[in-house]
Every structure is written in structure tokens, then in C-alpha cells.
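*Asks:* return a 3D structure for these sequence lines:
(one chain, ligands or ions: 1)
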Amino acid sequence: MSDESGPMRIGVLISGSGTNLQAIIDAIAEGRLDAEVAVVISNLEDAYGLERARKAGIPAVHVDRTAYTTFAAYNAAIRDTLLDHEVDVVAMAGYMRLLGVEVLDAFPGRVLNIHPALLPAFPGPSGIRDAFEHGVKVTGVTVHFANENFDEGPIIAQAAVEVAEGDTVEALEAKIHAVEHELYPRVLQWIAEGRVTVEGRIARIAEHG
Ligand code: GRF
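*Replies:* Residues are numbered from 1 along each chain as shown. Alright, predicted model coming up:
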């Protein structure tokens with residue numbers, strides 16, 4: 001994915017605290033992810049992830065949905081911000097809105113999302129709680145390519161998390177977030193290495209070398 005112009009440039013879309021963003025920033029700093037975060041975009045001005053970006057010296061941009069009359073115009077503004085920062089790959093990390101075709105078409109096969117459940121089980125904004133309340137014994141984390149629907153698209157990687165007897169939903173959340181913070185940078189590194197391809201709805205990961 002990276003070329004002669006340097007490491008893969010990631011645009012991160014957030015709406016909230018940005019702990020996954022932080023995990024990506026830390027993985028880059030520690031040499032586990034050969035990439036650069038080119039820009040962080042939030043639809044919410046007070047998302048703490050914007051502050052994390054600023055602290056790391058990364059451009060932090062608020063794109064306000066209410067400033068645009070249409071969903072298409074709002075998504076075109078996100079696309080233009082990503083293009084302005086020469087982004088190669090878009091990583092949604094707690095971005096709580098649908099992504100428009102304006103962005104998806106500008107980055108074909110290069111938009112990822114992380115979801116805190118084993119898709120296709122428990123999509124939606126409360127995947128951890130929904131799985132917990134369903135009484136599942138195993139849930140987990142999914143990283144997938146995004147499409148125009150929530151939590152859909154070829155699955156790149158999943159990691160299982162056990163629901164132990166006596167776990168509270170808070171305890172389960174903590175376990176899932178810890179797994180997310182390890183999995184997302186790892187998958188982004190596979191992308192940087194050009195190891196991920198898609199055939200139909202199946203994403204394939206090539207072996208090293
Ligand atoms: C994560 O659990 C992610 O899977 C989901 O939203 C949450 C974002 O958390 N899509 P954070 O903002 O990265 O802390």
C-alpha cells in the first residue's frame with residue numbers, strides 16, 4: 001500500500017474517545033505499524049479523539065453534519081478533507097455515522113471499520129451490551145472492509161473474547177477494548193504490507209514473504 005512517496009497514510013474517522021486511534025498512534029510510535037496518521041476527522045466537535053490527535057501533532061478536523069444541507073454534501077466534505085491530506089486508507093474507529101458513497105467511491109476497497117462483536121452477530125451501536133444481554137459465552141472483535149451499510153463488508157480479521165462467569169458488562173467491555181487495541185493496528189499493518197485482497201465477499205490474507 002505504501003509506495004515511493006513514503007509510509008501508508010491513514011485517515012481516521014471518529015466520534016468519541018478515540019482509544020482505538022490512540023492504539024494506532026502508539027503502534028506507529030513503537031514501530032509495530034509502518035504508517036502515518038495523516039488526519040483525524042470527527043463529526044462531533046467535543047470528541048476526545050480530536051484532542052489525542054492534536055497532542056500527537058496530527059491534523060484534527062471537525063466536519064459538522066449540521067453545516068451541510070445534504071448527507072451527500074457532508075460526505076463530500078469528509079472525502080475532500082481525506083484527499084487534501086493525501087490519505088491512502090480510511091480507518092473508522094468509533095465513527096458513529098453511516099459512511100456515504102462519496103467517501104467509499106473515492107477510496108475503493110480501502111475503508112476499514114472495527115466492531116466490538118463477532119459480525120454478523122450483534123451489529124449496531126451497542127454490540128458489546130447486546131451480546132452480553134443475549135447471554136453469549138464467546139463474543140469478540142471484527143475488523144472489516146466497510147460498505148454503505150452499518151457493520152457490513154468483507155471480514156478481514158476476528159478475535160474471540162470469552163464471557164466469563166461473573167463478568168459484568170463493564171468487565172466485558174474492558175476485555176474487548178484491549179483486544180481491539182491490539183487487532184486494529186495489526187490488520188492495518190497487513191494492509192500496509194499489501195497482504196489483504198478481496199474476492200467477492202471474502203477477504204484473504206497472504207502469508208508473509
Ligand atoms: C469501539 O468499541 C469500536 O469497536 C466501536 O466504537 C468504539 C470506539 O471506541 N466501533 P474508541 O473511540 O476507539 O475509544
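*Asks:* low-confidence regions, the protein specifically.
*Replies:* Filtered on pLDDT under 70, the chain yields the residue ranges 1-5, 209.
*Asks:* what about the longest helix in it?
*Replies:* For the chain, the helix that runs over the most residues, judged by DSSP state H, is helix 169-192.
*Asks:* next SSE after that one?
*Replies:* strand 196-199 (DSSP states H and E).
*Asks:* any buried residues in the helix or strand just after that next one, and which?
*Replies:* On the C-terminal side of strand 196-199, the closest following helix or strand by DSSP H and E is strand 202-205. For strand 202-205, the buried set under the neighbour-count rule, 16 or more other CB atoms under 10 Å, comprises Ala203. The way it works is simple: take the backbone N, C-alpha and C, and place the C-beta from them, glycine included.
*Asks:* show me the contact partners of stretch 162-178.
*Replies:* Stretch 162-178 has contacts (CB atoms under 8 Å, 6 or more residues apart in numbering) with 19, 116, 128-129, 131-133, 136-141, 161.
*Asks:* 7 Å - rerun?
*Replies:* Thr19, Pro116, Ile128, Arg129, Phe132, Val136, Lys137, Val138, Thr139, Val141, Val161 (CB atoms under 7 Å, 6 or more residues apart in numbering).
*Asks:* got the buried residues for it?
*Replies:* Under 16+ other CB under 10 Å, the buried positions of stretch 162-178 are Val163, Leu172, Lys175, Ile176, His177.
*Asks:* against His62, how distant is the residue of the chain found nearest the ligand?
*Replies:* Closest to the ligand within the chain is Gly94: 2.5 Å, counting by CB to the nearest ligand atom. Distance of Gly94 to His62, computed by CB to CB, to the nearest Å: 15 Å.
*Asks:* who's more crowded, the two?
*Replies:* Taking other CB atoms under 10 Å, Gly94 and His62 do not tie; Gly94 has more neighbours (22 against 14).
*Asks:* so the more buried one sits in a strand?
*Replies:* No: if the criterion is DSSP: H, G, I helix; E, B strand; the rest coil, then Gly94 is coil and not within a strand.
*Asks:* point out the residues in this structure that sit beside the ligand.
*Replies:* Selection of the chain residues close to the ligand by CB under 6 Å from any ligand atom yields 14, 16-21, 49, 93-94, 114-116, 180.
*Asks:* perfect, that will be all.
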